[in-house]
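# Model the following, please.
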Amino acid sequence: MNASNNIWDWLGGGIYFWEQNPGRALAYAEECAAKKQYFAGDIKIPFVIGAIINLGNCLNLMEAESTPVLETAYSGLLQTTAKAEIKMPVNKDANRALDCAVIQYLHQSNLENEIAPYDTIRSSFDEGEKVYEGSTFTKRLHIEVCVINPAMILGYYLPRPVDRYNPYLKGAFNFSK
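Predicted coordinates:
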C-alpha cells in the first residue's frame, strides 16, 4: 500500500481505510474510477480490500482525551506560522489543509520532544448531505483510520460477500471453497 501525502489529507500522511465500511470504500473507488472524486492515481477497476490493523499508539480523535492534544498542536502551529510571518492554512470544502497542517505539526512536535510517534489516527468523518431535514446524520458519515506505521497492518482480505463489495472481479476467483 502506498501512503497518501497530500496537503488536503485531513489526518496527515498515511494509508487511509474506512473502518468496517466496505460499501463506502467501493463507492469511493467507483467515484475515483469515474473521475468524480479527486484522486491522484488512475483506477481502472474499482476494488475493495480489507485490512487487519493493530491501532498501536493511536490518536483516537473520538475520545475526549484527544481534544487537548489537537488544541495544543493548533496553538503551536498558530505561533509557528505567526513567528515565520506566513499564512495559516485553511480548510475549504474537501481541501482540509488546516487539519492536515495541525496533524503534521503534532507529529513533528512529538518527534522534537521525544514523544512516542503515533502509529495510527482514527476519527469520524461527517460527509455528504443530511439524511433528513434538520438531521445531524449525513449519508456518508464514516470512520477513517490513517495508518502511519505500515507495520500495524497485519494482513489483508477480501470483504464478504465478495460479489457485493468487489463486483468488478467478474468471477476471476472462486471464493466458494
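
# V145 and S124 touch, don't they?
No. In this structure, V145 is not within contact of S124 by Cβ atoms under 8 Å, at 11.0 Å. Every residue, glycine included, has its C-beta placed from N, CA and C.

# Same drill for the two, tell me which one is more crowded.
Using other Cβ atoms under 10 Å as the criterion, V145 and S124 rank with V145 on top: 22 against 12.

# bridging residues for the more buried one?
For V145, the beta-bridge partners under DSSP bridges are F17, R122.

# Which pLDDT value does the model give it?
Per-residue confidence (pLDDT) for V145: 97.

# how far away is it from E129?
Applying Cβ to Cβ, to the nearest Å, the value for V145 to E129 is 24 Å.

# Kindly indicate whether the closest residue to L78 other than its chain neighbours is helix, strand or coil.
Excluding the flanking residues, the one nearest L78 by Cβ to Cβ, 6 or more residues apart in numbering is M88, at 6.4 Å. Here M88 is coil, with the state taken from DSSP: H, G, I helix; E, B strand; the rest coil.

# got the contact list for M88?
Shown in contact with M88 (Cβ atoms under 8 Å, 6 or more residues apart in numbering): 77-78, 81, 98, 101.

# least trustworthy helix or strand in this protein by mean pLDDT?
Least confident helix or strand, the chain: strand 95-96 with a mean of 87, by mean pLDDT, DSSP states H and E.

# Could you list the residues in contact with that one?
Contacts of strand 95-96 with the rest of the structure, by Cβ under 8 Å, 6+ apart, involve 7-10.

# Could you rerun that using 7 Å?
Strand 95-96 is contacted from outside by 8, 10, using Cβ atoms under 7 Å, 6 or more residues apart in numbering.
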